[in-house]
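Asker: Structure here, sequence nowhere to be found:
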């Protein structure tokens, strides 16, 4: 009897694995179609990134199969250290509804869909390009992430908890974070069998800095005119999660060159008076580009976002005064903590200032604040942010959503109404 | 004009500063041999105890100038003090606190000791913020004493008897500039303990202790002495009226802390303070390393008499802090993979 039962469970797991792969493929195809085919004026150089989104599905591509891969589950993991120790970071924050449904079996019903889908992905053990992560580095950022290692899935990959302070303001929190990083380095040295050297770390910092330079350049270009859809920027940022960093930087440089020509020729993707949106809150990760795609289908343009999966990903820099480990490691630690505007930090007034400043710099007409159902941190901050933005005269729309496509109708109505109100306000001020 | 500005924003200011430091070190330390005298009231450590000095530190003149009775403040002797102060201010206003960062020979020596430490790969130390906040008052206390003691020699302060004349120019007696700078003209004449009486024994012993602390301290801590320097404190009192200015636009700041990390003094407020426009703090020496390290466009700005001369830019940041060469050499992924593919 018992034997039979266990056979049944195995088959159930196998079935789940199979169906999820099929569902994932469908989800990807649908999302890609929406992102690519339904929009005009996609830059030529974007097609590299569109194609790469299939990396999850492409069984023939085994670029990462024989490499040391370290999975990361949050923006707080210093990827420079992973590169310096001869491994490749792979961010496993997931946006797939098919994985969300698997993860739902392990988590409370109202849990954050991002963590649920990451759990789902771990359970079916599917990583892009044949990657077999040796370790999952999991920072104690939000509560769901914190408890993720305790969820028992079929995954046998070891979790490493990267301890994160609850604030960044105090001296104690800063030294705690540096100690955390030091412990992380020791653990990673053991896992990879390599030793962290001055030369390697410097190279790694430079490597990421090259990507940063191109990424910042992209945003300078975006400030000059609406030459690229926001959904494209979000998508290409997502591809940074798994793409070879050098290739990614090269392709982004190409895209930037193309966009600069567009700026010169004033080839805009929308009319200049289209409502400009700053998107913030819980991160949209491919294939869950529901909100950004809706906004732009309705005639808005996302000029910037404040997601940990895109704009915040490569924005903050590392300045080292003396290129020795004693200065490089604290400098790296600072990059990840000090300018961070993650709502798990308290107080998080830097986020208010950052949003206001970004809205002004990118001349956004309004802010759309997305919170995933179950993501308490972003939900809780929404009221304060709305108030701060109101004081600056920036309208904000708060939407609560998840990975389920059911709420599309409701969302589109609300977003459309918001965009219309922005348009009305714009034409009013133009007349005045 | 914009092109020149753009170039300056991308420039390596620290290298420029090193050159200026060397040139002004030569001028101030050895200019006297070529009969150059800049002024007797310059706002930096040009020490007349070093024989080739091309000028005199204003602290000496000020201590002597204050060695007068209250009544004298209204006489020609007081007039001498006032004109001295005005000359000092005239020099100071032009360059503001960058006298410390670009000119001061004692400061340059500390920077060179730092370079030596870097060559040896030895880590520096930093004060934690609590200690920093406590220690920063020392320079104001030293400044207060160097004003009060000369006054107390000619007047009775708070009913105390007049101080001993052996306390003349009290700061000079303990100043590391007096002990260190003559070494560069080959003279060790200031390294002694004066056994004339108790006061001189005390002051000269203190001077030697400070000399040793200076050497050791500045090896492990960047710009160790500047943190306690009364000249820095005196300059800060007038820093707001300087023509050379450094300002900050707090709303653009992400508090990433790049500026405070590269700061030789370790001023944290430069990153933390997002409300003050005038960001030159009491310990600042206007070396502009923070402007170099700031990746936010136009967050930190340097201007002279209202004309902007240097702004922080992300382009400049990456030019200074990211080494594209290292990136190009280390392409094991692409080239090696291509090679491997060929071999396969």
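Answerer: Now that the structure is in, tell me what you want to look at. Model, not experiment: these values are computed from the prediction.
Asker: roughly how far is stretch A:211-221 from the heart of the chain?
Answerer: 16 Å (Cα atoms, centre = their mean, to the nearest Å).
Asker: Please apply the same query to stretch A:163-178.
Answerer: Taking mean C-alpha positions (Cα atoms, centre = their mean), stretch A:163-178 and its chain are 23 Å apart.
Asker: what comes up buried for it?
Answerer: A:164, A:165, A:168, A:169, A:173, A:174, A:176, A:177, A:178 (16 or more other Cβ atoms under 10 Å in any protein chain shown). Using the backbone N, CA and C atoms, a C-beta is placed for each residue, glycine as well.
Asker: Check what contacts stretch A:198-211 and list those residues.
Answerer: If you take Cβ atoms under 8 Å, 6 or more residues apart in numbering or on different chains as the criterion, stretch A:198-211 is touched by A:79-81, A:83-86, A:194, A:240, A:245-246, A:248-249, A:252, A:314, A:317-318, A:320, A:323-325, A:328-329, A:332, B:318, B:321-324, B:326-327, B:330.
Asker: Just want the phi and psi numbers for residue 18.
Answerer: I went with chain A, as the question did not name one. For residue A:18, the backbone dihedrals are phi -60, psi -50 (criterion: degrees, to the nearest 10).
Asker: meant chain B actually
Answerer: Here is the backbone geometry of residue B:18 (degrees, to the nearest 10): phi -60, psi -40.
Asker: Also residue A:70?
Answerer: Torsion angles, degrees, to the nearest 10, at residue A:70: phi -110, psi 120.
Asker: residues contacting it?
Answerer: Counting by Cβ under 8 Å, 6+ apart, residue A:70 touches A:82, A:87, A:88, A:89, A:90, A:133, A:134, A:135, A:137, A:188, A:191, A:192.
Asker: What residues does the fourth one make contact with?
Answerer: What it means is residue A:89. A:69, A:70, A:71, A:72, A:77, A:79, A:82, A:83.
Asker: burial count for residue 91?
Answerer: Let's take chain A. 21 (other Cβ atoms under 10 Å in any protein chain shown).
Asker: please go with chain B instead
Answerer: For residue B:91, the neighbour count with other Cβ under 10 Å is 18.
Asker: In this structure residue B:261 contacts residue B:294, no?
Answerer: No: using Cβ atoms under 8 Å, residue B:261 is not in contact with residue B:294; the gap is 11.2 Å.
Asker: Tell me the residues of chain A that contact chain B?
Answerer: Residues of chain A lying close to chain B (Cβ under 8 Å from any Cβ of the partner chain) are A:171, A:202-203, A:205-207, A:209-210, A:212-213, A:216, A:220, A:244, A:246-247, A:315-322, A:324, A:326-327, A:330-331, A:334-335, A:338-339, A:350, A:353-354, A:356-357.
Asker: Ramachandran angles for the residue of the stretch 101-250 of chain A at minimum distance from chain B?
Answerer: Residue nearest to chain B within the stretch 101-250 of chain A (Cβ to the nearest Cβ): residue A:209, separated by 3.9 Å. Phi and psi for residue A:209, reported as degrees, to the nearest 10, are phi -60, psi -30.
Asker: Please enumerate the strands of the stretch 201-344 of chain B.
Answerer: Using DSSP state E, counting those that start in this stretch, the strands of the stretch 201-344 of chain B run over B:244-248, B:300-304, B:307-311.
Asker: can I get the contacts of residue A:70 in JSON lines with pLDDT and distance to residue A:391?
Answerer: Below are these laid out as JSON lines (pLDDT from 0 to 100; distance: Cβ to Cβ, whole Å):
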{"residue": "A:82", "pLDDT": "97", "distance to residue A:391": "41"}
{"residue": "A:87", "pLDDT": "96", "distance to residue A:391": "46"}
{"residue": "A:88", "pLDDT": "96", "distance to residue A:391": "44"}
{"residue": "A:89", "pLDDT": "97", "distance to residue A:391": "39"}
{"residue": "A:90", "pLDDT": "96", "distance to residue A:391": "41"}
{"residue": "A:133", "pLDDT": "96", "distance to residue A:391": "45"}
{"residue": "A:134", "pLDDT": "95", "distance to residue A:391": "48"}
{"residue": "A:135", "pLDDT": "96", "distance to residue A:391": "45"}
{"residue": "A:137", "pLDDT": "97", "distance to residue A:391": "39"}
{"residue": "A:188", "pLDDT": "97", "distance to residue A:391": "44"}
{"residue": "A:191", "pLDDT": "95", "distance to residue A:391": "48"}
{"residue": "A:192", "pLDDT": "95", "distance to residue A:391": "49"}
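Asker: just the strands of the stretch 201-344 of chain B: most buried one?
Answerer: Among these, strand B:244-248 has the highest mean neighbour count (mean count of other Cβ atoms under 10 Å in any protein chain shown), at a mean of 21.
Asker: Name the residues that touch that one?
Answerer: Identification of contacts with strand B:244-248 by Cβ under 8 Å, 6+ apart yields B:94-96, B:98, B:270, B:273-274, B:276-280, B:284, B:286, B:288, B:291, B:299-304.
Asker: And the furthest pair within the contacts of residue A:89?
Answerer: Using Cβ to Cβ, those span at most 14.3 Å, a distance reached by A:71 and A:83.
Asker: if you count what's nearby, which of the two comes out ahead?
Answerer: Neighbour count, other Cβ under 10 Å: between residue A:71 and residue A:83, residue A:71 has more, with 26 against 21.
Asker: SS state for that one?
Answerer: strand (DSSP: H, G, I helix; E, B strand; the rest coil).
Asker: surely it meets residue A:92?
Answerer: Yes: between residue A:71 and residue A:92 there is a contact under Cβ under 8 Å: 4.8 Å.
Asker: joint contacts of these two?
Answerer: Residues touching both residue A:71 and residue A:92 by Cβ under 8 Å, 6+ apart: A:127, A:133, A:136.
Asker: out of those, which are inside helices?
Answerer: Judged by DSSP state H, those include no members of helices.
Asker: Can you list which of those are found in strands?
Answerer: Among the shared contacts of residue A:71 and residue A:92, the members found in strands (DSSP state E) are residue A:136.
Asker: Going along the chain, name the helices of the stretch 251-400 of chain A.
Answerer: A:290-297, A:325-337, A:349-361, A:376-391 (DSSP state H, counting those that start in this stretch).
Asker: just checking, what packs against the first one?
Answerer: Contacts defined by 3 or more Cβ pairs under 8 Å, 6 or more residues apart in numbering or on different chains; DSSP states H and E place helix A:290-297 against helix A:230-239, strand A:276-281, strand A:301-306, strand A:366-372, strand A:396-401, helix A:408-431.
Asker: how does it look with 6 Å?
Answerer: helix A:230-239, helix A:408-431 (3 or more Cβ pairs under 6 Å, 6 or more residues apart in numbering or on different chains; DSSP states H and E).
Asker: and it, what's its mean pLDDT?
Answerer: The pLDDT scores in helix A:290-297 average 96.
Asker: tell me which residues in that helix are buried?
Answerer: Neighbour-count burial for helix A:290-297 [16+ other Cβ under 10 Å]: A:290, A:291, A:292, A:293, A:294, A:295, A:296.
Asker: Sort out which one of the residues you listed lies nearest residue A:304 for me.
Answerer: Distance to residue A:304 across those (Cβ to Cβ) is lowest for residue A:292, with 11.7 Å.
Asker: which one is the closest one nearest to, not counting chain neighbours?
Answerer: residue A:231 (4.5 Å; Cβ to Cβ, 6 or more residues apart in numbering or on different chains).
Asker: which residues does that neighbour contact?
Answerer: Contacts for residue A:231 (Cβ atoms under 6 Å, 6 or more residues apart in numbering or on different chains) come out as A:35, A:289, A:292, A:293, A:296.
Asker: Could you provide those residues in a markdown table, with additional columns for distance to residue B:71?
Answerer: Output for the contacts of residue A:231, formatted as a markdown table (distance: Cβ to Cβ, whole Å):
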| residue | distance to residue B:71 |
| --- | --- |
| A:35 | 86 |
| A:289 | 83 |
| A:292 | 79 |
| A:293 | 85 |
| A:296 | 81 |
